[in-house]
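Novice: no FASTA, just this:
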């Protein structure tokens, strides 16, 4: 009985070994199609325009009948449809380093508009179909890519370089009153700018001035000076006016009974024996001895009146004496004119003249 059991166990072992060998054989035969499929994938035709990647796996060997040798060389222009080239839009230019643009027969064109490159900041291109961009001129800037135009520098700024991406603000004391300026100008005398980016300078307020160009602020007028709104620099007060404060727009008239010898001092009280009307620069006095102050006027002093009376009497006496002397001189001349007619009788020859005896007294008309 024991020997029968051992015989059955030995038969089962043999059967198990045979079964294992059969499974191994079947598994080897089912792996062949998998290898065949992998070989077919490697030998497939590559897509045009895309490089093929060679396999580095050693167990799989590509077929020598249908396999294509992989390559990394880019296709030439003959493989591209260059009939669809388009001109680059304004603000862009063609990228000649790529086949999509360099293969196009017309410069500034690419097969797709998206293949064109946008102009960088500081450059622009206003035309279509161009191969390069133009840098912005001085006074202009461009802070965007793909810009067809450059922007003008705004008022109060400047730019003196080409290809700029921004403009600089004018410093304090300077201004720029026009667009696309290449420099800023200093503020003129009498004007100022106390901040940057000034489009124009402002006139100093009344009572202040700016003596230098490029001023950032104004200074106050000194005492004795003034500046109204329509003037640029401070002026000295006119004669008879004064101003003792800083930064004034006008001067004050010197008051009555005072005089102002200098425009930067307070009015001085007028002396009691002098006259000081409004606007006086010095006191006015009556002439000593001959005049005296009475109210607001000068009158003759008593001494002056006496002297005038005496002087008038002397002058009248002089005139009378002059008239008498003149009368005497006239009488003397008449006496001399009569002398030839009054000769003695002995000197006359006897006889009659015009019916009159020679010894008759002569008769003169008017006597």
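Specialist: Ah, there it is. Treat the numbers as computed from the prediction; the structure is a model and nothing was measured. Numbers count the residues shown, from 1 in each chain.
Novice: how long is stretch 175-193 end to end?
Specialist: For stretch 175-193, the first-to-last residue distance is 8 Å (Cα to Cα, to the nearest Å).
Novice: buried residues in it?
Specialist: Neighbour-count burial for stretch 175-193 flags 175-176, 179-181, 184-187, 190-193 (criterion: 16 or more other Cβ atoms under 10 Å). Where C-beta positions appear, they are placed from N, C-alpha and C, glycine not excepted.
Novice: ok, which pair from the residues you listed is furthest apart?
Specialist: 180 and 190 (27.7 Å; Cβ to Cβ).
Novice: specify which member of the buried residues of stretch 175-193 is nearest to residue 103.
Specialist: The nearest one, if we look at the buried residues of stretch 175-193 relative to residue 103 and count by Cβ to Cβ, is residue 180, at 40.3 Å.
Novice: name the nearest residue to the closest one, sequence neighbours excluded.
Specialist: The shortest distance from residue 180 to any non-neighbouring residue, by Cβ to Cβ, 6 or more residues apart in numbering, is to residue 139 (3.5 Å).
Novice: what about the closest residue to residue 186 other than its chain neighbours, distance to residue 199?
Specialist: Closest residue to residue 186 in three dimensions, ignoring its sequence neighbours and counting by Cβ to Cβ, 6+ apart: residue 214, at 3.5 Å. For residue 214, the distance to residue 199 equals 16 Å [Cβ to Cβ, to the nearest Å].
Novice: out of the two, which sits in the more crowded spot?
Specialist: Under the criterion of other Cβ atoms under 10 Å, the comparison of residue 214 against residue 199 puts residue 214 first, with 20 against 15.
Novice: I figured the more buried one hits residue 170, correct?
Specialist: No - shown here, residue 214 and residue 170 do not form a contact pair, counting by Cβ atoms under 8 Å, at 10.8 Å.
Novice: flag the shaky bits of the stretch 151-300 of the chain, pLDDT-wise.
Specialist: Low-confidence segments of the stretch 151-300 of the chain, defined by pLDDT under 70, are located at 287-300.
Novice: contacting residues around stretch 111-119?
Specialist: Among residues not part of stretch 111-119, those counted as contacts by Cβ atoms under 8 Å, 6 or more residues apart in numbering are 80-82, 84-86, 88-89, 91-95, 98, 100-101, 103-104, 110, 125, 133, 142, 145-147.
Novice: mind pulling up the pLDDT for residue 122?
Specialist: With respect to pLDDT, residue 122 scores 95.
Novice: okay, now it: neighbour count?
Specialist: Residues lying near residue 122 (other Cβ under 10 Å) number 22.
Novice: how about the one 4 residues further on?
Specialist: Residues lying near residue 126 (other Cβ under 10 Å) number 12.
Novice: kindly report the same for the one 10 residues further on.
Specialist: Burial of residue 136 is recorded as 24 neighbouring residues (other Cβ under 10 Å).
Novice: so it touches residue 163, yeah?
Specialist: Yes - distance between residue 136 and residue 163: 5.9 Å, which falls inside the contact criterion (Cβ under 8 Å).
Novice: so what sits against both of these two?
Specialist: Between them, residue 136 and residue 163 have 122-123 as joint contacts when contacts are counted by Cβ under 8 Å, 6+ apart.
Novice: so which residues of this structure form helices?
Specialist: Assigned helices in the chain, in chain order: 2-30, 32-42, 99-102, 302-338 (criterion: DSSP state H).
Novice: how about the strands in the stretch 201-350 of the chain?
Specialist: Taking DSSP state E, counting those that start in this stretch as the criterion, the stretch 201-350 of the chain carries its strands at 202-203, 208-209, 219-220, 225-226, 235-236, 241-242, 252-253, 258-259, 268-269, 274-275, 284-285, 291-294, 297-300.
Novice: what helices and strands are in contact with the third one?
Specialist: Spelled out, it's strand 219-220. Contacts defined by 3 or more Cβ pairs under 8 Å, 6 or more residues apart in numbering; DSSP states H and E place strand 219-220 against strand 208-209.
Novice: also the first one?
Specialist: Here strand 202-203 touches strand 191-192, going by 3+ Cβ pairs under 8 Å, 6+ apart.
Novice: try the fifth one
Specialist: With contacts defined as 3+ Cβ pairs under 8 Å, 6+ apart, the secondary structure elements packing on strand 235-236 are strand 225-226.
Novice: sheet partners, orientation included, of the strand it packs on?
Specialist: In the sheet containing strand 225-226, the strands it pairs with under DSSP bridges are strand 235-236 (antiparallel).
Novice: contacts for the strand it pairs with, please.
Specialist: 224-227, 263.
Novice: let me know the closest of those residues to residue 330.
Specialist: Distance to residue 330 across these (Cβ to Cβ) is lowest for residue 263, with 68.5 Å.
Novice: what residues are up against the closest one?
Specialist: By Cβ under 8 Å, 6+ apart, the neighbours of residue 263 are 224-225, 236-238, 241-243, 251.
Novice: same thing with residue 181?
Specialist: With contacts taken as Cβ under 8 Å, 6+ apart, residue 181 has the following neighbours: 139, 153, 157-159.
Novice: in those residues, find the pair that's most separated.
Specialist: Of all pairs drawn from the contacts of residue 181, the one with the longest distance (Cβ to Cβ) is 139 and 157, at 9.6 Å.
Novice: my read: residue 106 touches residue 85, true?
Specialist: Yes - judged on Cβ under 8 Å, residue 106 makes contact with residue 85 at a distance of 6.5 Å.
Novice: those two - which one has more neighbours?
Specialist: Taking neighbours as other Cβ under 10 Å, residue 106 and residue 85 compare with residue 85 leading, 20 against 11.
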